[in-house]
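> Got a predicted model here, sequence first, then my questions.
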Amino acid sequence: MNRVGIRTRVTALAVVPAAIIAALLAVYFTHSRITDLDLSLRNRGVDIARHLAAASEYGLVAGNTPLLNSLVKSSLKEADVRAVAILDTRHRILAGGGIAPETLAAVWERGASLNAPVEQKTFVLFSAPITLPEVNIDDPFDQSARRRESGTQLGTVLVQLSLAQTSQVRNQMLLSGLSITLLGLLFTTGVALRMSRKVTRPIRKLSTALERLGLGLLDTRVTPESAGELLILENGINAMAASLQASQQHLQARIDEATRELTEQKEEAERANIAKSRFLAAASHDLRQPMHALGLFVGALKERISYPEVSSIVKNIEASVTAMDSLFNALLDISRLDAGVFHPNIVDFPINRLLDRLRVEFAPQAMEKWLRFKVMPCSAMVRSDPMMLERIMLNLVSNALRYTDQGGVVVGCRRRRGGLRIEVWDSGVGIPADRLHDVFHEFVQIDNPERDRKHGLGLGLAIVERMAKLLGTHVTVRSVVHRGSVFSLDLPLGSRDRPARVNLADIAAGGANKLDLCVAVVDDETAILDGMRVLLENWGCRVLAAASGEELLQLLDSAPQMPDLIVSDYRLREGENGIAVIRAIQAAYGVPIPGVLISGDTAPERLREAQESGFHLLHKPVSPAKLRLLITHLVNTR
């Protein structure tokens, strides 16, 4: 009803009462006329039967059958008379005529009492008794006595009247009443529509104006044409539209001003961010150079020192270098993730392989803290990047063990909605409800205000969140303070028909075996170049070291053999870079010699260039173990 227009409502308000009144009048008058018609038919039937009964008295007393038949024929001439019969007291027909007069007696006997009409679908049967009149006899000789001879019944008259003509008249009357009612309704509807158009036109005009205002066309105005309350309403709408238009113009001006301010602030923030990125990239490169050299020298020194006292000092130096390396690697991962140079390698692999690595990796650490550590096996196949997923799980389990002092940590999987959910449960300190989302921000450590390095750097969960987005999932956390936390992520199920590719981490480094290789090394830092030469020579390699690509090409001209591997710093002097050096040497020999880039630059554009070159990239400081692992992999898969 709410969707019906005002014009329809006004028309209905005018037509419906008129229609109801017209219908009631038509029904009333038609019913009255039909009632009168039925009553007239009944009265006529009763009169015919009574007149015939009175006229038949003499014929019955005298036994004059021809007279009775003559009376029957006269009665049949009356309108609607269908059949007539005169019966004696034994209900035998003395005279009859019309349609099946012999059946009248049977119908009368089945359903009628004396003088009561019998109604059927097509006729009405009337009856009247034939009796002698009452006679009073006065005896002049006997004044005290009067003899009365009452009337006795001589027979019965039956008259059958047809209802066909009456039904026909009734139908005509009904049709006429219906036609008159419809004509009245049509006339009333036409008048109502015309009147409603005049009444609703100004209202519809106001409705259209309001609809245009609702669409934001605030220049809409209504031409005042009405009077009274409608005129007040039209003027009010015009005033409201003018006020809204002025307010919109004022608001739009403020929005434009605020937009300009936000644009300026955004551009300023972007300039500051670019400057920050350049500063971090430059600082990272300058800091990584000595750290990289220090790591190489520590690695070489560790293999040459056999005195326990000196070995312990070397181990402490190596631990400090490792801590610095962890910080630089975390910062580099954040930069690489923000720069968009990470591209997941999605494959199908058994999740139990990752679970086994977690069990081996963290069981000793849990044992040192007297914690229960349990990894539940799972036979499911998942579809994801194995190395990125392993990095995520390493961070989650490491955090769980770091912030748990009693109880334990459980890693398990469960199937859910066509996928697999990996969960890490701990009974640690927990996270307040209002800080659950803060833990995924950089350098946020809720329970480490002193920035104790033993509790990590505060970058692990930030890296986890970014990697999870690259894998098309997200990490969720539930936690209760002083009771523990649950970190979980959902992965799609994989297929056993698509085997996973080999991970770099799964390739053996070769242990203490010597590497019988010829390695070309390019770096413009003398300390790094010397450290790399010492380290590679300790591994049994023949090293060709140069500070530039041109110098290396000169050394290669007199070298007895082609290098098996090229290791170059990414950023060299005079605008030269490692990508150009490796490609120049490959072009000189006409062979795709394996190349490795080493860089301390974390600028996003540099990371993308290195990623697009196709060469393996290591970030300073490079641990000797990681370098040897990559060299072994490249040589074995050449």
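Received, thanks.

> in terms of contact, does Arg416 touch Asp490 like I think?
Yes. Look at Arg416 against Asp490 with C-beta atoms under 8 Å: they come within range, at 6.9 Å. Where you see a C-beta, it was placed from the backbone N, CA and C, and this is true even at glycine.

> Might you report the residue contacts of the spatially most central residue of the chain?
With distances taken as C-alpha atoms, centre = their mean, Arg417 lies nearest the centre of the chain, 17.1 Å away. Neighbour list for Arg417: Asp490 [criterion: C-beta atoms under 8 Å, 6 or more residues apart in numbering].

> same question, Ala22
Thr181, Gly184, Leu185, Thr188.

> about what we covered before: between Arg416 and Asp490, which has more neighbouring residues?
Set Arg416 next to Asp490 and count neighbours by other C-beta atoms under 10 Å: Asp490 wins out with 17 against 10.

> Am I right that the more buried one is in contact with Arg415?
No. Asp490 is beyond contact range of Arg415, at 10.5 Å (criterion: C-beta under 8 Å).

> Find residues that contact each of these two.
By C-beta under 8 Å, 6+ apart, Asp490 and Arg415 have these common neighbours: Arg421.

> Break the chain down into its structural domains.
Listed domain ranges for the chain are 6-133+148-171, 346-500, 518-636 (source: automatic domain parsing).

> can you list those domains in a markdown table and add mean pLDDT?
Putting those into a markdown table (pLDDT from 0 to 100) gives the following:
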| stretch | mean pLDDT |
| --- | --- |
| domain 6-133+148-171 | 78 |
| domain 346-500 | 82 |
| domain 518-636 | 84 |
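
> quick revisit: measure the residue nearest to the centre of the chain to Ala433 for me?
For Arg417, the distance to Ala433 equals 26 Å [C-beta to C-beta, to the nearest Å].

> now do Ile463
Ile463 is 24 Å from Ala433, where distance means C-beta to C-beta.

> Which residue of those two possesses the greater neighbour count?
Counted by other C-beta under 10 Å, Ile463 and Ala433 do not tie: Ile463 has more neighbours, with 21 against 10.

> Which helix or which strand is home to Tyr28?
Per DSSP states H and E: Tyr28 is located in helix 6-55.

> what's the next secondary structure element after that helix?
Next along the chain after helix 6-55, taking DSSP H and E as the criterion, comes helix 57-62.

> So which bits of the helix or strand just after that following helix are buried?
Using DSSP H and E, the helix or strand that follows helix 57-62 in sequence is helix 65-76. Neighbour-count burial for helix 65-76 flags Leu67, Leu68, Asn69, Leu71, Val72, Ser75, Leu76 (criterion: 16 or more other C-beta atoms under 10 Å).

> With distance to Glu525 added, can I get the residues you listed in a markdown table?
Below are these laid out as a markdown table (distance: C-beta to C-beta, whole Å):
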| residue | distance to Glu525 |
| --- | --- |
| Leu67 | 157 |
| Leu68 | 153 |
| Asn69 | 152 |
| Leu71 | 151 |
| Val72 | 148 |
| Ser75 | 145 |
| Leu76 | 143 |
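
> in the stretch 51-200 of the chain, which spans are strands?
Assigned by DSSP state E, counting those that start in this stretch, the strands in the stretch 51-200 of the chain fall at 81-88, 93-98, 118-119, 123-131, 135-138, 146-149, 153-162.

> Pull up the pairing partners for the third one, direction included.
In the sheet containing strand 118-119, the strands it pairs with under DSSP bridges are strand 123-131 (antiparallel).

> and if you look at the longest one?
Using DSSP bridges, the strands paired with strand 153-162 in its sheet are strand 81-88 (antiparallel), strand 123-131 (antiparallel).

> what's the angle from it to strand 93-98?
10 degrees (axes from the mean of the first three to the mean of the last three C-alpha atoms, to 10 degrees).

> mind exporting strand 153-162 as CSV, just the C-alpha atoms?
Output in CSV follows, covering the C-alpha atoms of strand 153-162 (Å, rounded to 0.1, in the frame of the first residue of the first chain):
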residue,chain,number,x,y,z
GLN,A,153,-64.8,-32.4,0.0
LEU,A,154,-65.6,-33.7,-3.5
GLY,A,155,-62.1,-33.6,-5.0
THR,A,156,-59.0,-31.6,-5.6
VAL,A,157,-57.8,-29.3,-8.3
LEU,A,158,-54.1,-29.3,-9.3
VAL,A,159,-52.6,-26.5,-11.4
GLN,A,160,-49.0,-26.5,-12.6
LEU,A,161,-47.3,-23.2,-13.5
SER,A,162,-44.1,-23.0,-15.5
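
> buried sites along that strand?
Across strand 153-162, burial judged by 16+ other C-beta under 10 Å covers Leu154, Gly155, Thr156, Val157, Leu158, Val159, Gln160, Leu161, Ser162.

> So for stretch 165-177, what gets flagged as buried?
Under 16+ other C-beta under 10 Å, the buried positions of stretch 165-177 are Thr166, Arg170, Met173, Leu174, Gly177.

> Need the contact partners of that stretch.
Residues from elsewhere that reach stretch 165-177, judged by C-beta under 8 Å, 6+ apart: Ala26, Val27, Phe29, Thr30, Arg33, Ile34, Leu37, Asp38, Leu41, Ala79, Asp80.

> Now list the buried members of those residues.
Of the contacts of stretch 165-177, these count as buried by 16+ other C-beta under 10 Å: Ala26, Thr30, Arg33, Ile34, Leu37, Leu41, Asp80.

> wait, which of those is closest to Gln406?
The shortest approach to Gln406 among the buried ones among the contacts of stretch 165-177 belongs to Ala26, at 95.1 Å (C-beta to C-beta).

> list the contacts for the closest one?
So Ala26 contacts Gly177, Leu178, Ile180, Thr181 (C-beta under 8 Å, 6+ apart).

> try it again with 6 Å
By C-beta atoms under 6 Å, 6 or more residues apart in numbering, the contact list for Ala26 reads Gly177, Thr181.

> For it, give its distance to Leu174.
Counting by C-beta to C-beta, the gap from Ala26 to Leu174 is 9 Å.

> Please, where are all the strands along the stretch 201-350 of the chain?
Ranges of strands within the stretch 201-350 of the chain are 347-350, based on DSSP E, counting those that start in this stretch.

> Show me where it has its helices.
Applying DSSP state H, counting those that start in this stretch to the stretch 201-350 of the chain gives helices spanning 229-304, 308-339.

> Could you tell me the least trusted of those helices?
Within these, confidence is poorest for helix 308-339, with a mean of 63 (mean pLDDT).

> Now do the buried residues in the helix or strand where Arg415 lies.
Per DSSP H and E: Arg415 is located in strand 408-416. The neighbour-count check on strand 408-416 (16+ other C-beta under 10 Å) flags Gly408, Val409, Val410, Val411, Gly412, Cys413 as buried.

> that older thread, between the buried residues of helix 65-76, which is closest to Arg628?
Nearest member of the buried residues of helix 65-76 to Arg628, counting by C-beta to C-beta, is Leu76, at 136.1 Å.

> Would you quantify the distance from that closest one to Thr65?
According to C-beta to C-beta, Leu76 stands 17 Å off from Thr65.

> what's the answer for Asp490, then?
Here the distance between Asp490 and Thr65 works out to 113 Å (C-beta to C-beta).

> Could you do Leu529 as well?
Using C-beta to C-beta, Leu529 is found at 159 Å from Thr65.

> Ok, Glu550 next?
Separation of Glu550 from Thr65 (C-beta to C-beta) stands at 158 Å.

> go on, Leu470?
For Leu470 relative to Thr65 (C-beta to C-beta), the value is 123 Å.

> quick one: contacts for Leu67?
Gly59.

> Of the strands of the stretch 51-200 of the chain, which is nearest Leu544?
Minimum separation from Leu544 across these (C-beta to C-beta) falls at strand 118-119, 131.6 Å.

> Can I get the strands of the stretch 51-200 of the chain in JSON lines including distance to Arg608?
JSON lines is the format used below for the strands of the stretch 51-200 of the chain (distance: least, C-beta to C-beta, whole Å):
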{"stretch": "strand 81-88", "distance to Arg608": "112"}
{"stretch": "strand 93-98", "distance to Arg608": "117"}
{"stretch": "strand 118-119", "distance to Arg608": "106"}
{"stretch": "strand 123-131", "distance to Arg608": "108"}
{"stretch": "strand 135-138", "distance to Arg608": "141"}
{"stretch": "strand 146-149", "distance to Arg608": "141"}
{"stretch": "strand 153-162", "distance to Arg608": "108"}
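
> Understood, closing this out.
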